[in-house]
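S.K.: below: sequence and its predicted model.
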Amino acid sequence: MTTPSGGPATGNNDRNLVFADCTELDQATFATLYQQVLEPAFPPSELEDLDTLIGAYVSGGAGSLSLVALRGGEPVGVALGEFHAPSGILMLTYLAVRDDQRGLGVGTALLEAALPGWRTAVRPVALLAEIEDPRSHSKNQYGDPDARLRFYERLGAQVLPIQYFQPRLAPELPRVHGMFLACLDSGLNSISADALANFLDNYIADCEGEPANSSDLEYSKLTEQVRSWGDSVPLWPLAKWSEIPPA
């Protein structure tokens, strides 16, 4: 569910860029962020509704981590994370930058400011992100999957060699196929299969309202891929994404 801004790594050298936690925003400001930053960056199938995100991030829900980039008091970018305590995995659920601010390094600055604090706060075993496979998702009004891959490759991200799909975010929405799970921890070379399977079990239950069962063939195929690697799932350089068979 993440999308980058592109642009060079800048840190917070932009003195006009100010960072704030979502809990510091009022609901009206977060609604503006949702409408101007998140909605233009994600198709409806990949974006949770406004009320859900307010409940999780403005209200400070358990496991919810956030950082907003503001310029002149207006939100221009956001990074949202969710920590799954049973598995120890932290998911970067959304990274988005307002259209007119893309290419200025805002996305990189957000991650450089957010991730060290998030890691300190929850001590995750791995930090993951969902990225669209360009073979399944073409460039459109929401962004360019090839550009997203280049963005995360510059950050040193790695990819899990599995055919992944995003769970449905609401009963009326479809699962999103043709996705990668990337890892933003450059120091890791693998992820525990038990931790990853636990995370996927919790993720699908949280999103779809009930645990996956043996009759869910799509989910069974996904977990079989995880278990096929043994005790740990290797991490490949993101440049090898095309070696993962398309979904």
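M.R.: Everything's here; your move.

S.K.: quick one: the lengthiest strand in the chain to chain centroid distance?
M.R.: For the chain, the strand with the greatest residue count under DSSP state E is strand 74-84. On the basis of CA atoms, centre = their mean, to the nearest Å, strand 74-84 sits 9 Å off its chain's mean C-alpha point.

S.K.: now the strands for this protein?
M.R.: Ranges of strands in the chain, per DSSP E, are 17-20, 64-71, 74-84, 89-97, 126-132, 158-159, 164-166, 176-183, 190-192, 232-234, 236-237.

S.K.: among those strands, which is the most enclosed?
M.R.: Most buried of the strands of the chain by mean neighbour count (mean count of other CB atoms under 10 Å) is strand 89-97; its value is a mean of 26. In this view, the C-beta of every residue, glycine as well, is placed from N, C-alpha and C.

S.K.: re the thing from before, as TSV, the strands of the chain with mean pLDDT and distance to I244 would be great.
M.R.: Shown next, in TSV, are these (pLDDT from 0 to 100; distance: least, CB to CB, whole Å):
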stretch	mean pLDDT	distance to I244
strand 17-20	96	34
strand 64-71	97	28
strand 74-84	97	23
strand 89-97	98	19
strand 126-132	98	12
strand 158-159	98	7
strand 164-166	97	9
strand 176-183	97	7
strand 190-192	98	15
strand 232-234	98	12
strand 236-237	98	8
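
S.K.: between these, which one is nearest to A205?
M.R.: Evaluated over the strands of the chain, closeness to A205 peaks at strand 74-84, with 10.6 Å, by CB to CB.

S.K.: understood, closing this out.
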